[in-house]
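K.L.:
How does the following fold in three dimensions:
(one chain, ligands or ions: 1)
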Amino acid sequence: MGRVHNEILPGRAHNPNLADYDQAVAHFKWEDAERYFTWYETGKVNMAYETVDRHVREGRGEKTALLYSDPVRDESYTFADLQEKSNRFGNVLRKYGIGKGDRVFLFMPRQPELYFCLLGILKVGAVAGPLFEAFMETAVKDRLEDSGAVALVTTPDLLHRVKREELADLRHIFLVGGDSDPQKGLLDYESESASASPELEPEWLGLEDGLIMHYTSGSTGKPKGVYHVQRAMIQHYYTGKVVLDLHEDDIYWCTADPGWVTGTSYGIFAPWLSGVTNVVRGGRFSPRDWYKTIERNKVTVWYSAPTAFRMLMSAGSKSLEGVNLSSLRHVLSVGEPLNPEVVRWGDKVYSQRIHDTWWMTETGGQLICNYPGMDIKPGSMGRPLPGITAAILDDSGNKLPPYTMGNLAIKTPWPSMMDRIWNNPAKYEEYFQIPGWYISGDSAYMDDEGYFWFQGRIDDVINSSGERIGPFEVESKLIEHPAVAEAGVIGKPDTLRGEVVKAFISLREGYIPSPELKAEIAAFVRSGLSAHAAPKEIEFKMKLPKTRSGKIMRRVLKAWELHLPAGDLSTIED
Ligand code: WT7
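P.N.:
Numbers count the residues shown, from 1 in each chain. As a prediction, the model looks like this:
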């Protein structure tokens, strides 16, 4: 340790007290994070209390909590506002008999009401399930069905994607922005909230009680409901200090949508546990608007993703003309490999190094990171946080020496580790086959200074623009199309998006390959599942490579695509 890497950026050391990893350990400990919470005194917690009410109680009620803007709206809310709005919605939920342990889902674009409602759900001890607004019918139905959600908050625009008649558990729908019809179980968020009391005693919970669910994809089966409990707040608070480097006066912007775990762990929990002002931008990505968002709000800490940085990079210097980004003190990235060239570009454009962080939906919070003051090696995800042990293991659980590629594994437990996969204990167990370790599904190696370097996924999971796509979910949708006999889906390398979805398809009798048919099949997935899961490329094949048991061999498809040797074909059908 301490060996100086020759690409360290001089100047703008954000936090002079954190010159080194060891000092980070000394600076802030897990125990400090534990002691911070009411749990330490009363044995009880509630995430919504800790993120909102405590700031009001401790005299920060008039501080700005949320700075929201989109092309139409421009609004700001204090912690006292958040308390009132979440209390009102909490009371609405209680009125309809919704409380501790119930799953309440949210399916709506980023807008202030999403945040009020999510906090209201947590206030009454229910488990929040935010869904990305781009999900289509099948994706929404699968998630609501599996979770047994009893209520949903959505908007009139998205309502038609919710197949209510097929969802037996779904009792109430709250509509944000009009078109309610109580006769049909469609309740009006605004009027219900307006007539509810602004006072509410939160449901006091234990650290093991439910918090939030995020569905994520593996290589087989439907998406898995990754279930997190209140205990995760210890990690969110700790990493907010040690990794995000949040201080009282920071203006923080995490660009992720709450439909993904980054948008809740680091778009809601970490910043508000620390009581900092949180910027949320609605609407679509636009380089100019993004930079304007930083300039206008004087954002100091910015957490985004490699795809966004690559798009900003390709937008060129024109997008930077006349914008002042000098407020930025700390820039971070997550979700996919952060290319060294992007890091070096960031050195110039943001006058500082982009800090890569590694974690997953299942881990609930950051685990391997570049944190302030640490020597950053472009291309490395960084080092395990103080208090986290990571290792590279072979398939039998033996530790591999530096510079050897293997399974990236984390010693169990840590506070924000998932508590279960909803309804699927067997899937949960798959992560913990090696006693004492969580196996991430990523392959990586460690160098001789303890830095970790990402190599790829071990399974067939596709990462397109930081969004995790399960090939099985796409294949299942594809074969619902009348022309499709069989389908195999892989990730194809792409300079902008990391990977894009490519589908190999064999057609049913009577269908003739054509560009029109390709477009139609892609549109079918886009409208049934979601735009990001729709194949960007389709290739028709007479026959797909299969094992003797009939499983399509994605590995062989990938080798075809990359013009590589297909490897061991001993299990292939013929
Ligand atoms: C997968 C997890 C929780 C963050 C958002 C993604 C990939 C994540 C990095 C990184 C290379 C990364 C891994 C991981 N990934 N961060 N810094 N460098 N790859 O969460 O959707 O659960 O995906 O994203 O493959 O397993 P997710």
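
K.L.:
Run a quick check on R383 versus T389, I expect a contact.
P.N.:
No - the criterion here is C-beta atoms under 8 Å, and R383 misses it with T389 at 11.0 Å. To be clear about C-beta, it is placed using only N, CA and C from the backbone, and glycine gets the same treatment.

K.L.:
Give me the more crowded residue out of those two.
P.N.:
For the pair R383 and T389, the greater number of neighbours falls to R383 (24 against 14), based on other C-beta atoms under 10 Å.

K.L.:
so that one bridges to which residues?
P.N.:
Under DSSP bridges, the beta-bridge partners of R383 are C369.

K.L.:
Kindly report the same for E499.
P.N.:
In beta-bridge terms (that is, DSSP bridges), E499 pairs with P493.

K.L.:
wait, doesn't it sit right on N463?
P.N.:
Yes - counting by C-beta under 8 Å, N463 is a contact partner of E499 at 5.6 Å.

K.L.:
what's the overlap in contacts for those two?
P.N.:
G491 (C-beta atoms under 8 Å, 6 or more residues apart in numbering).

K.L.:
After the one helix or strand in the chain whose mean pLDDT sits lowest, which helix or strand is next? Please name it.
P.N.:
The weakest-scoring helix or strand in the chain, judged by mean pLDDT, DSSP states H and E, is helix 21-27 (a mean of 58). Sequence order places helix 30-36 as the next helix or strand after helix 21-27, per DSSP states H and E.

K.L.:
could you dump that next one to PDB, C-alpha only?
P.N.:
Only the C-alpha atoms of helix 30-36 are listed here, as PDB (Å, rounded to 0.1, in the frame of the first residue of the first chain):
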ATOM      1  CA  TRP A  30     -19.200   0.700  10.900                       C
ATOM      2  CA  GLU A  31     -19.900   1.200  14.600                       C
ATOM      3  CA  ASP A  32     -20.200   4.900  14.000                       C
ATOM      4  CA  ALA A  33     -22.900   4.200  11.400                       C
ATOM      5  CA  GLU A  34     -24.700   1.800  13.700                       C
ATOM      6  CA  ARG A  35     -24.700   4.200  16.600                       C
ATOM      7  CA  TYR A  36     -26.100   6.900  14.500                       C
END
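
K.L.:
Would you mark the buried spots in the longest helix seen in the chain?
P.N.:
Identified as the longest helix of the chain according to DSSP state H is helix 79-95. Across helix 79-95, burial judged by 16 or more other C-beta atoms under 10 Å covers 79-94.

K.L.:
What segments of the stretch 451-574 of the chain are helices?
P.N.:
For the stretch 451-574 of the chain, applying DSSP state H, counting those that start in this stretch gives helices covering 471-478, 515-528, 554-562.

K.L.:
could these go into CSV alongside mean pLDDT and distance to the ligand?
P.N.:
Putting the helices of the stretch 451-574 of the chain into CSV (pLDDT from 0 to 100; distance: least, C-beta to the nearest ligand atom, whole Å) gives the following:
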stretch, mean pLDDT, distance to the ligand
helix 471-478, 91, 13
helix 515-528, 96, 19
helix 554-562, 92, 16
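
K.L.:
Looking at those helices, which is nearest to R353?
P.N.:
Using C-beta to C-beta as the measure, helix 554-562 is the one of the helices of the stretch 451-574 of the chain that comes nearest R353, at 31.6 Å.

K.L.:
Tell me which residues touch V56, please.
P.N.:
79-80, 83.

K.L.:
now V349
P.N.:
Counted by C-beta under 8 Å, 6+ apart, V349 has contacts 312-313, 320, 325.

K.L.:
try D188
P.N.:
Residues in contact with D188 (C-beta under 8 Å, 6+ apart) are 174-175, 178, 180, 182.

K.L.:
The same query, at a cut-off of 6 Å, please.
P.N.:
S180 (C-beta atoms under 6 Å, 6 or more residues apart in numbering).

K.L.:
any idea of the pLDDT on it?
P.N.:
With respect to pLDDT, D188 scores 97.

K.L.:
likewise the one 3 residues further on?
P.N.:
S191 is assigned a predicted lDDT (pLDDT) of 96.

K.L.:
got it, and V4?
P.N.:
Value for V4, per-residue pLDDT: 28.

K.L.:
go on, D448?
P.N.:
On pLDDT, D448 comes in at 90.

K.L.:
Name the SS class of the nearest residue in space to it that is not next to it in sequence, please.
P.N.:
In this structure, D448 finds its nearest non-sequential neighbour in P402, 4.7 Å apart by C-beta to C-beta, 6 or more residues apart in numbering. Look at P402: counting by DSSP: H, G, I helix; E, B strand; the rest coil, its state is coil.

K.L.:
got the residues of the stretch 251-400 of the chain near the ligand?
P.N.:
Counting by C-beta under 6 Å from any ligand atom, the stretch 251-400 of the chain comes close to the ligand at 261-262, 334-337, 356-361, 381.

K.L.:
Dump these into JSON lines; add secondary structure and neighbour count as well.
P.N.:
Shown next, in JSON lines, are those (DSSP: H, G, I helix; E, B strand; the rest coil; neighbours: other C-beta atoms under 10 Å):
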{"residue": "V261", "secondary structure": "helix", "neighbour count": "27"}
{"residue": "T262", "secondary structure": "helix", "neighbour count": "24"}
{"residue": "V334", "secondary structure": "coil", "neighbour count": "25"}
{"residue": "G335", "secondary structure": "coil", "neighbour count": "25"}
{"residue": "E336", "secondary structure": "coil", "neighbour count": "21"}
{"residue": "P337", "secondary structure": "coil", "neighbour count": "18"}
{"residue": "D356", "secondary structure": "strand", "neighbour count": "27"}
{"residue": "T357", "secondary structure": "strand", "neighbour count": "25"}
{"residue": "W358", "secondary structure": "strand", "neighbour count": "26"}
{"residue": "W359", "secondary structure": "coil", "neighbour count": "27"}
{"residue": "M360", "secondary structure": "coil", "neighbour count": "22"}
{"residue": "T361", "secondary structure": "helix", "neighbour count": "19"}
{"residue": "M381", "secondary structure": "coil", "neighbour count": "26"}
